[in-house]
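1. build me a structure from this.
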Amino acid sequence: MTQKNGIRRLLSLDAFRGFTVAAMIIVNTPGSWDHVYAPLLHASWHGITPTDCIFPFFIFIVGISITLSYGKLLDGGRPKATLVAKTLKRAALIFLIGIFLGLFPDFNFAEIRIPGVLQRIAVVFLVCALLFLYTNWKQQAVIGGALLLLYWIVLIAVPVPGVGNGILEPGRNLAAWIDSLLIPGKMWQGTWDPEGLLSTFPAVVTGLSGMLVGKLLAIDRVSYERKVIWLYLAGLSAFLLGFAWGWVFPINKNLWTSSYVLYTSGLASMIFASLFFVMEVLGYTVWAKIGIVFGANAITAYVIGSLLPEFLGPLNDWYVTHVVEHGEGAKMASLIWAITICLLTYLPSYILYKKRLFIKI
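-> Next comes the predicted model:
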């Protein structure tokens, strides 16, 4: 089946977004952090686990969405100034929600943490949206490549006071040093933060990689079948290049290294190509309903999934004492709790979806 409509709403993109959010909730809410299967934990430093792929996948999806939605708005005659104002407002709101989640439920401002997951999403969204409005896709590709090379050179070549140059150890690298000087408040790991300032630059490139995929999707003259082929080829090329680059610049989620950007963006492209083929080309969509529902209100679902464990704190304590740490299968019991939180999050998300209420955060 050949279709030529590059910018209609793609259920495969909604599903990818939704499955990614569901994965975020599951890895963030185990019954007990003392009992978690290894693939559901982040790599301690260098290296990568399935969990390390979730955050860049979401940013990659943000990039695709920017190209498709902003391209449609521009084609419809929406002024760039209006879109800039809209972008600034949305980025600020997402950033503030991230701050709120970090403070909830104690609201101890003495322990406030400025960086965070939603905060990084907000910054990347803002930068990528502005780049989309004021550059073309070729310029975006050049900017992305230049940022990855520059980030590699800077981390390896610029000496860190008291440490030296070329050191990529936890808390003993240029990114950590800059964060210690410029980030007010608390950092996630005391001396460094995985969502710090310098590592946000390569995270922008993750968003740009999604924007380039969005550009391919928006080309009407290219059939869906050819788009799938190009998504696989581009994804495999980036994946292999990132893997090879990792030999000299290790794949590291905490530093968001250049090799990590290419590796995860390539993997995201291939996974999306698979969803795109099954759902848009073959038309099999029923199986992905959970992903589509979560994806329709992704940030809202993430917020609900982040707040629920706080409200269920006493029940979680009982569950850990009487189920997780009682008998065999502690890791499975811990995972069941996380899946339960995900399913509880699905209920309000499904109600919103059924009522066609899409909360634009």
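
2. which residue ranges form the helices in the stretch 101-250 of the chain?
-> 117-134, 137-157, 174-182, 200-217, 224-245 (DSSP state H, counting those that start in this stretch).

3. low-confidence bits of the stretch 1-150 of the chain, can you list those?
-> For the stretch 1-150 of the chain, applying pLDDT under 70 flags the ranges 1-8.

4. so which of the helices of the stretch 101-250 of the chain is nearest Gly76?
-> Gly76 sits nearest to helix 117-134 of all the helices of the stretch 101-250 of the chain, at 14.4 Å, using Cβ to Cβ. C-betas here are computed from N, CA, C, even on glycine.

5. touching that closest one from outside, list them.
-> Helix 117-134 is contacted from outside by 55, 58-59, 62-63, 66-67, 70-71, 74, 80, 83-84, 87-88, 90-92, 94-95, 97-99, 101, 140, 143, 195, 200, 203-204, 206-208, 211, 299, 302, using Cβ atoms under 8 Å, 6 or more residues apart in numbering.

6. which of the residues you listed count as buried?
-> 55, 58-59, 62-63, 66-67, 70-71, 83, 87, 90-91, 94-95, 97-99, 101, 140, 195, 200, 203-204, 206-208, 211, 299, 302 (16 or more other Cβ atoms under 10 Å).

7. buried residues, stretch 139-148. List them.
-> Buried-residue list, stretch 139-148, by 16+ other Cβ under 10 Å: 140-141, 144, 147-148.

8. out of those residues, which is nearest to Ala234?
-> When those are compared against Ala234 (criterion: Cβ to Cβ), the nearest one is Ala141, at 11.1 Å.

9. next up, the contacts around the spatially closest residue to that closest one that is not a sequence neighbour.
-> Leaving aside its sequence neighbours, Ala141 sits nearest to Leu212 (Cβ to Cβ, 6 or more residues apart in numbering; 6.2 Å). By Cβ under 8 Å, 6+ apart, the residues touching Leu212 are 63, 137, 140-141, 144.

10. and the gap between Ser237 and Trp230?
-> Distance, Ser237 to Trp230, by Cβ to Cβ, to the nearest Å: 10 Å.

11. higher neighbour count, the two?
-> Set Ser237 next to Trp230 and count neighbours by other Cβ atoms under 10 Å: Trp230 wins out with 17 against 13.

12. what about the closest residue in space to the more buried one that isn't next to it in sequence, neighbour count?
-> Leaving aside its sequence neighbours, Trp230 sits nearest to Leu216 (Cβ to Cβ, 6+ apart; 5.9 Å). Using other Cβ under 10 Å, Leu216 is surrounded by 18 other residues.

13. ok, the one 4 residues further on next?
-> Other residues near Asp220 number 10, with proximity taken as other Cβ under 10 Å.

14. can you verify my assumption that the residue nearest to Trp230 contacts Leu233?
-> No: using Cβ atoms under 8 Å, Leu216 is not in contact with Leu233; the gap is 10.8 Å.

15. coming back round to it: which one of the helices of the stretch 101-250 of the chain lies closest to Met24?
-> Met24 lies closest to helix 117-134 among the helices of the stretch 101-250 of the chain, at 8.0 Å (Cβ to Cβ).

16. fine by me, thanks again.
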